[in-house]
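Student: turn this into a structure:
(one chain, ligands or ions: 1)
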Amino acid sequence: MLSYQHIYHAGNFADIHKHAILAQVIKAMRTKPQPMAVLDTHAGRGVYDLSSVEAEKNREFDNGITHFWPRRAEPSLLRPFLEIVETFNTGDSVTQYPGSSMIARRLLKPADRLVAVERHPGEVKELQTSLAGLPQTTVVQEDGLQTMLDNVPFPERRGLVIIDPSYEIKTDYADVPKHIALAFRKWPQGSFLLWYPIMNGAPHRDMFLALKKSGVSNMLISEICLEKPPEDHFRMYGSGIAIVNPPWPDAILKQITEHITMRMPAATSGEVFWLDNLKFDEFTGKLL
Ligand SMILES: C[S@@+](CC[C@H](N)C(=O)[O-])C[C@H]1O[C@@H](n2cnc3c(N)ncnc32)[C@H](O)[C@@H]1O
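Tutor: Numbers count the residues shown, from 1 in each chain. I've put the predicted structure just below:
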């Protein structure tokens, strides 16, 4: 049973973190002349209406896009992402917020391929409407992780898999690393971008351990954590992005992470590190 709907969280600080990095990854990858592809395994809606009853319920965007909006013209590595948001909005307010598939499509060249996967029947309908008529774009209603396994390596041999699950089922924390490890084995040169929430009990650390133990390497991680969670109903207090085979050195990720961290409305910390540098205790099997 799928109950998660991203509209309740659209444009929050985790989306800014995820989408700013996503834009920089695609921007770097598309500089090569050969065509590439993007597979978005948990695509969501395509575009989110921030004036909707659902988005207004908790107004998570107040700590995200609406907070960053007045300073959107400031030169920074967030510009490619913010430029796309600008094309959906006129005037000084921001009411339309593009999601991962729309951002990817806007940054890809017309000949590049986008496959957007979404399983929720309502969300997939919205996604089909928002991506309708765009070049080389396919929307499929399937299981995202299985679709990834079935489709890597891409025929183009160049591309990115975006993995942005809702983590509404606890088994996601085991399924996600298992599928990434299998996909990485099939395509060690592929790039994979994973989003995860940072919550009480740090279940994402189990994903790191599983990825490390299964031999996934060259994974660069950015984490942004709030000192005090703003959304009491949702135990998330931080956002993490892990990129396997990033197209640039860690300095780029450090700059984006620092930019967002420094401008957040409440006390926030940011960190960038490589999975390969994390150590785990051989005896207990736990990450140190
Ligand atoms: C965090 S949201 C995605 C947000 C989107 N990536 C964005 O940035 O705009 C997770 C989405 O995954 C969908 N979903 C849940 N289980 C899925 C599955 N097994 N396969 C594909 N999509 C799934 C949910 O319906 C939800 O829309």
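
Student: the residue of the chain found nearest the ligand: neighbour count?
Tutor: Ranked by CB to the nearest ligand atom, the top residue of the chain for proximity to the ligand is residue 99, at 2.4 Å. The C-beta positions use only the backbone N, C-alpha and C, and glycine is treated the same way. Neighbour count of residue 99, defined by other CB atoms under 10 Å: 27.

Student: what helix or strand does the closest residue to it other than its chain neighbours sit in?
Tutor: What sits nearest to residue 99 in space, not counting adjacent residues and going by CB to CB, 6 or more residues apart in numbering, is residue 44, at 4.7 Å. For residue 44, there is no enclosing helix or strand under DSSP states H and E.

Student: correct me, but residue 44 touches residue 124?
Tutor: No: look at residue 44 against residue 124 with CB atoms under 8 Å: they stay out of range, at 9.7 Å.

Student: what does this structure put close to the ligand?
Tutor: 2, 4, 6, 42-44, 99-100, 117-120, 123, 143-144, 164-166 (CB under 6 Å from any ligand atom).

Student: so which of those belong to helices?
Tutor: Judged by DSSP state H, the residues of the chain next to the ligand include 100, 123, 144 as members of helices.

Student: biggest helix in this structure by residues?
Tutor: helix 13-29.

Student: tell me the buried residues in that helix?
Tutor: 13-27, 29 (16 or more other CB atoms under 10 Å).

Student: before we move on, what about stretch 237-249?
Tutor: 237, 238, 239, 240, 241, 242, 243, 244, 245, 246, 247.

Student: same question for stretch 255-267.
Tutor: 256, 257, 259, 260, 261, 264.

Student: okay if I get those residues as JSON lines plus pLDDT?
Tutor: Converted to JSON lines, those look like this (pLDDT from 0 to 100):
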{"residue": "256", "pLDDT": "98"}
{"residue": "257", "pLDDT": "98"}
{"residue": "259", "pLDDT": "97"}
{"residue": "260", "pLDDT": "97"}
{"residue": "261", "pLDDT": "97"}
{"residue": "264", "pLDDT": "94"}
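
Student: mind listing what the residue nearest to residue 264 when sequence neighbours are not counted touches?
Tutor: Nearest residue to residue 264 in three dimensions, chain neighbours excluded: residue 13, at 6.4 Å (CB to CB, 6+ apart). Residues near residue 13 by CB atoms under 8 Å, 6 or more residues apart in numbering: 63, 64, 67, 224, 226, 239, 260, 264.

Student: the fifth one: how many residues sit nearby?
Tutor: Which is residue 226. Applying other CB under 10 Å, we find 21 residues neighbouring residue 226.

Student: look up phi and psi at it.
Tutor: The phi and psi values for residue 226, taken as degrees, to the nearest 10, are phi -90, psi 140.

Student: sweet, I'm off.
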